[in-house]
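Engineer: Got a sequence here, can you model it:
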Amino acid sequence: MELVELNKKIKEYVGSEVELQGWVRNHRKQKEFGFIEFSDGTTFKRMQIVYTNELKNFDDIQKIRVGSSISIKGVLAKSEGKGQDYEIKATEVTLLGDSDEDYPIQPKRHSNEFLREQAYLRPRTNLFNAVFRVRSVAAMAIHTYFQDHNYVYVHTPLITTADCEGSDQMFKITTLDFKNLPKKDGEVDFSKDLFGKEAYVTGTGQLHGEAFAMAFRNIYTFGPTFRTEKSNTKTHANEFWMIEPEIAFCDLNKLMDIEEDMLKSVVKYVMDRCPDELEFFDKFVENGLLDKLNKLVNSKFTRITHEDTIKILKEAKVKWEFEPEYGEDIAKEHEKYITEYFNGPVFITNWPKDIKAWYMKLNDDGKTVAAVDLEVPGAGELMGGSEREIDYDKLVNRMNEMNVDRNTVEWFLNLRRYGGCVHSGFGMGFERLIIYLTGVENIRDVIPFPRTPGNCDF
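Structural biologist: Modelled structure (predicted):
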């Protein structure tokens, strides 16, 4: 039996014998009895196992260390002690896999920094068990939303020759021998490489997603992406996951409708299926987390232009670390202020073209693009999207202005020549969503094995 199944019908099993296999999370020993805090990994909830010296291997049981795997048989009963409603009175406890004395995850408070050094063991702690259970459920919530709304899930390539984010932001792939590089006219001759040209690890699935949106109307990608930026902030990593829908016959306003509906649906899905985990986060990680999530699900998202946002920030009686300026990006402190100003999530639209990507639709003013960022309380930017440029000549001009190598995306340009239409899309960093859902502040603590500058362990 698994704990998750036992908990579903726990009242029906009172007085019955059960058999479980799992791990010792804590072991409190007394002279004539002992208590084992037991987890089998199927649920966030743990079970207390009570054993006494009436068991023939009592002395051996007392020697079982934290981290060991065990099998237990016993009778489920209402607990006589505090801290749990039910417990199992053991009739058999069998050691399956011993744990050495130097086991790092002892039943005491460990810092997140220490646990990052033990990333292969940290899922055994309460915090990370809850984080990665929520991550799993949130991933299912995303797939459920898009599948229920008739989106096609597209597996876009991880290896690409399309320079979308800028080659300086992308990892290079090669099979060439660095000690004996082929040269032509003083440059590396990539025609001798595996793909016959320069190739990268993808920074986005968007361009390939747009191609499929022109056939299936509504598509989404959900997979790993990679960036080379040497940033050590709490919200940046070199390997992370992205959700990137592309929707045909969809303008910027409709895109915002979809973003709002999707986010509310995903948050509600997680709240319904992870009540124990979210209650834990609310109590030990971010006080007020449940109120924040409930408020988001029931709120109406504000929509405001970038120009009006800057105006509000400039008029605010606040001493800024970074002064807000028209035509420029906004800082974390500005994101925080604007969500507090409107007391909820805010869509900021029509951004200056010079600080946004080349594929975004140029507005009639010639200065801004039909882009949108979603700012949410407590997390800042959670999604970024835009209506895509469908005018072939305007797109070519933007590519020239921003020095995009046309040869790498000629096929993408051709989508405008072969039955193009108004279409839009957005990207959401999956880890930023998990940060928002859990209150855990550092991206390194919501990725199983984080890859950040100077860190590629495990």
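
Engineer: correct me, but residue 440 touches residue 131?
Structural biologist: Yes. Using Cβ atoms under 8 Å, residue 440 is in contact with residue 131, at 6.0 Å. Glycine gets a C-beta too; all of them are placed from N, C-alpha and C.

Engineer: Which neighbours do the two have in common?
Structural biologist: 434, 446 (Cβ atoms under 8 Å, 6 or more residues apart in numbering).

Engineer: out of these two, which sits in the busier spot?
Structural biologist: A count of neighbours by other Cβ atoms under 10 Å puts residue 131 above the other of residue 440 and residue 131, at 27 against 23.

Engineer: Okay, the more buried one and residue 245: tell me how far apart.
Structural biologist: Distance of residue 131 to residue 245, given as Cβ to Cβ, to the nearest Å: 25 Å.

Engineer: Please apply the same query to residue 239.
Structural biologist: When distance is defined by Cβ to Cβ, residue 239 is 21 Å away from residue 245.

Engineer: Mind checking which of the two has more residues around it?
Structural biologist: The neighbour count for residue 239 versus residue 245, taken as other Cβ under 10 Å, is higher for residue 245 (29 against 17).

Engineer: next one: phi and psi at the more buried one?
Structural biologist: phi -80, psi 150 (degrees, to the nearest 10).

Engineer: Stretch 329-348: which residues count as buried?
Structural biologist: Across stretch 329-348, burial judged by 16 or more other Cβ atoms under 10 Å covers 330-331, 334-335, 337-339, 342, 344-348.

Engineer: what's the answer for stretch 234-252, then?
Structural biologist: Applying a neighbour-count criterion of 16+ other Cβ under 10 Å, one finds 235-248, 250, 252 buried in stretch 234-252.

Engineer: Endpoint to endpoint, that stretch covers what distance?
Structural biologist: Start-to-end span of stretch 234-252 (Cα to Cα, to the nearest Å) is 30 Å.

Engineer: repeat for stretch 41-55
Structural biologist: Start to finish, the residues bounding stretch 41-55 are 26 Å apart (Cα to Cα).

Engineer: quick one: that stretch to chain centroid distance?
Structural biologist: Offset of stretch 41-55 from its chain centre (Cα atoms, centre = their mean, to the nearest Å): 33 Å.

Engineer: So, low pLDDT: which residues of this protein?
Structural biologist: For the chain, applying pLDDT under 70 flags the ranges 163-168.

Engineer: Next step: the buried residues of stretch 234-252 restricted to helices.
Structural biologist: When the buried residues of stretch 234-252 are checked against helices (DSSP state H), the matches are residue 252.

Engineer: which among the buried residues of stretch 234-252 gets closest to residue 50?
Structural biologist: Using Cβ to Cβ, residue 241 is the member of these that lies nearest residue 50, at 42.0 Å.

Engineer: residues of the helix or strand harbouring residue 425 that come out buried?
Structural biologist: Using DSSP states H and E, residue 425 sits in strand 423-429. Neighbour-count burial for strand 423-429 flags 423, 424, 425, 426, 427, 428, 429 (criterion: 16+ other Cβ under 10 Å).

Engineer: Given that strand, what are its sheet partners and their directions?
Structural biologist: Under the criterion DSSP bridges, strand 423-429 sits next to strand 239-248 (antiparallel), strand 380-387 (antiparallel) in its sheet.

Engineer: Dump those strands into TSV; add distance to residue 30 as well.
Structural biologist: Shown next, in TSV, are the strands paired with strand 423-429 (distance: least, Cβ to Cβ, whole Å):
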stretch	distance to residue 30
strand 239-248	47
strand 380-387	50
